[in-house]
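Make a model of this:
(chains A, B, C and D)
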2 protein chains.
Amino acid sequence: MVTLSSRNGRHGNVVIVNVKKDAAAAPRAATLHQVAQAAGVSLITASRALAKPDKVAAATLQRVREAAAALGYVPNLMAGGLKAQRSRTVAALVPVISVPQFLPTVQALTETLDAAGYQLVLGQTGYDRSREHALLQTLIGRRVDGIVVAGLLGATADAEGIRRLGIPVVETWDLGPQPLDMLVGFSHAQAGAAVARFFLARRWRRLGLVSADDERARQRVQGFCEAAGADLPVAWVPAPATVASGRAGLAELLRREPRLRAVHCSSDLVALGVLNEARARGLRVPQDLAVCGFGDADFSAALEPALSSVRIAAAEIGRRAATMILQRCAGQAVVPAVVDVGFEIVERASTTASPRRP
Amino acid sequence: MVTLSSRNGRHGNVVIVNVKKDAAAAPRAATLHQVAQAAGVSLITASRALAKPDKVAAATLQRVREAAAALGYVPNLMAGGLKAQRSRTVAALVPVISVPQFLPTVQALTETLDAAGYQLVLGQTGYDRSREHALLQTLIGRRVDGIVVAGLLGATADAEGIRRLGIPVVETWDLGPQPLDMLVGFSHAQAGAAVARFFLARRWRRLGLVSADDERARQRVQGFCEAAGADLPVAWVPAPATVASGRAGLAELLRREPRLRAVHCSSDLVALGVLNEARARGLRVPQDLAVCGFGDADFSAALEPALSSVRIAAAEIGRRAATMILQRCAGQAVVPAVVDVGFEIVERASTTASPRRP
DNA sequence: CTGTTAGCGCATTCAC
DNA sequence: GTGAATGCGCTAACAG
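Numbers count the residues shown, from 1 in each chain, chains lettered A, B, ... in the order given. Next up is the predicted model:
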């Protein structure tokens, strides 16, 4: 009994342990403090062992590592970030993630950041300025180390705040007159103009467009019309555009201009709809109707007929944007801060045959 | 002079202020401390004014708000998160973001989380288990409040750690025997089997498959073959599959089985390739070859012929997963923890005509 | 209604 | 090599 009694000191503890507050009680993660205790060293030594192994004795290192493994220790990045004043986090702002064009950019962004130990926080603005504002505030609150935005941030109220805080920003997929900070993009007006000249050089006439009504697509339409020197028929479809709206768009265009002979679409998805609508109406592509898309989607080369399109180095945009942010985070200057990645017209069967005589 | 001298106290400050360390010196964001000082109240009062306005005098409230606005104050969510032990962040793990099927899920996830003040952190595993592990460690380190994963986490080493920490996890797009925690998905084997029965019921014979070689697609192929009761020809293409690989897949399939009459594809992108390859070979769809895809992509209904496919409620998966995580974060129990969202075969022109007699 | 105290988990000073 | 203090920015407890 005496022996048992001598162990009584623990009973209190046992009882307390058994009084589980609730199933919902969070089993808190192991802290560095606990690791240090388990390894029999001080907090800071444990910290050093894990962060700078070469600054610690080999034996100590091993003990700490074993303790960490045994406890399943995972460092709290929020605590580290609070101290270091950086989150190792970069935000990507896109209108909606399901716009296929941005996907290679987002993918490359994520991969490049990941390789440097950074994570991507995704934000969808939904083509809505007030959403964009709210989102930016939250992201600034999260102390993201950089922001990559699809499109231009322009001279919004947010822009000033972001600049003041010195948060690196890369605007992408566009080329404005005065970037907020850094930029990787191209001129949509020039791209549109290039397609118009491409059509004209191949003697396609009676041009028209099916275009989503988002900002950048509008710029391409304008560039196209200016280069063509004419007020061309445009079927506007709501953004984000779909194959179905592409079909509807061609239908509308043909109503307004039955003799239409060539059409430029604001995306390859739209162009796919145009191709299908043309086929359903017995129009041969390209003999009766030339079609050129935009974005050079992964499926475009495999279509029948293969679709001509405007190729954008989408993945490169993501890679470069990530690299720029990372450079800034490393305290290096980024030059040039503005990169025009240009575009390239990929000519395929949907525009190659010589046109029928009028 | 005396007057000037009395102001001398400031001179030191001015000089110090002018000694800018560098252009690279981070212009630190305003802290709550500064807001409180500017408003002439204590730190905690400022905190309360911003967080719980009704617990503070109207006059104080206004002063704090003005000070915050003037300083461009944005609360540091890392600090708040460290204190509160949550990050208001949820991780999404996908193989690669550019797999179109997951997009509506990711979109709905982001939107639902955003509405609750949570942000999505994106992780790409690249179909790589070791990447997945590293990523999970980092995300746990970030103290994400939940994890939504495309596919199953299975009995990996991570699974145990995650369970111990009590991090809510939703596995999606699959239906394993024993979910780690919560799950929103469907049975791929059943989906494959259903398509096989669908073909057979419509008297399509000489079946074959073009399939990506990822885990879930393989399950569908297996279910398909079992339901068809035969060892069918399968053209495997690397994941993530493309339209081009769909074309190549049909070519291979026809080499092995020239009399092929119906093909099931692991995605609508692959099916698009199959449709194009069929057209290039002069095969009519569906008269000569029936085609059924998977995923019911946004373009499938608009193709010529319209593509039959298996529709998955992808956006619903995202919404439900987000809701489950949010419920858990709110301390509520989630029942049921496993949801089978099922699937639906959408019959369109690519499989409707009655088959040619053999 | 407001302020003081303490601490979230970690890393950067300094000492020894 | 190692350790003891200090503070990153904020908020939940308690005082007043």
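
use CA for all of it now, contacts and neighbours both
Noted.

what separates residue A:287 from residue A:276, distance-wise?
Using C-alpha to C-alpha, to the nearest Å, residue A:287 is found at 15 Å from residue A:276.

the more surrounded of the two?
Neighbour count, other C-alpha atoms under 10 Å in any protein chain shown: between residue A:287 and residue A:276, residue A:276 has more, with 23 against 16.

Am I right that that one is in contact with residue B:306?
No - counting by C-alpha atoms under 8 Å, residue B:306 is not a contact partner of residue A:276; they are 9.5 Å apart.

Now the residue nearest in space to the middle of chain A: closest residue in space that isn't a chain neighbour?
Of all residues in chain A, the one closest to the mean position by C-alpha atoms, centre = their mean is residue A:106, 3.2 Å from it. Distances taken as C-alpha to C-alpha, 6 or more residues apart in numbering or on different chains place residue A:318 nearest to residue A:106, at 6.2 Å, with adjacent residues excluded.

With residue A:81 instead?
Nearest non-adjacent residue to residue A:81, counting by C-alpha to C-alpha, 6+ apart: residue A:87, 4.9 Å away.

That neighbour: which element?
Secondary structure from DSSP states H and E places residue A:87 outside every helix and strand.

number of nearby residues for it?
Residue A:87 has 22 neighbours, counted by other C-alpha under 10 Å.

swap in residue A:298?
14.

if I've got this straight, it is in a strand?
No - counting by DSSP: H, G, I helix; E, B strand; the rest coil, residue A:298 is not part of a strand but coil.

Does it touch residue B:245 like I think?
No - between residue A:298 and residue B:245 there is no contact under C-alpha under 8 Å: 10.8 Å.

Can you name the residues that contact the closest residue to residue A:266 other than its chain neighbours?
Of all residues not flanking residue A:266 in the chain, residue A:211 sits nearest, at 4.6 Å (C-alpha to C-alpha, 6+ apart). By C-alpha atoms under 8 Å, 6 or more residues apart in numbering or on different chains, the contact set of residue A:211 is A:217-218, A:221, A:234-237, A:265-267, A:270.

Which of these are buried? Put it as a ChimeraX command.
In ChimeraX, this line selects whichever of those come out buried by 16 or more other C-alpha atoms under 10 Å in any protein chain shown:
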select /A:217,218,221,234,235,236,237,265,266,267,270
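
Which members of the contacts of residue A:211 occur in strands, if any?
Counting by DSSP state E, those place A:234-237, A:265 in strands.

and of the residues you listed, the nearest to DNA strand C?
Of all the ones in strands among the contacts of residue A:211, DNA strand C sits closest to residue A:237, with 50.2 Å by C-alpha to the nearest atom of the strand.

contact partners of stretch A:278-297?
With C-alpha under 8 Å, 6+ apart as the test, stretch A:278-297 has contacts from A:100-101, A:204, A:250, A:260-271, A:274-275, A:305, A:307-312, A:346, A:349-356, B:304.

how far does it stretch from start to finish?
For stretch A:278-297, the end-to-end distance is 20 Å (C-alpha to C-alpha).

Now do the buried residues in that stretch.
Taking 16+ other C-alpha under 10 Å as the criterion, stretch A:278-297 shows A:278, A:285-297 as buried.

need the residues of the stretch 1-150 of chain A near chain B, please.
Counting by C-alpha under 8 Å from any C-alpha of the partner chain, the stretch 1-150 of chain A comes close to chain B at A:24, A:26-29, A:72, A:74-79, A:81-82, A:96-98, A:100, A:103-104, A:106-107, A:110-111, A:119-124, A:137, A:140-143.
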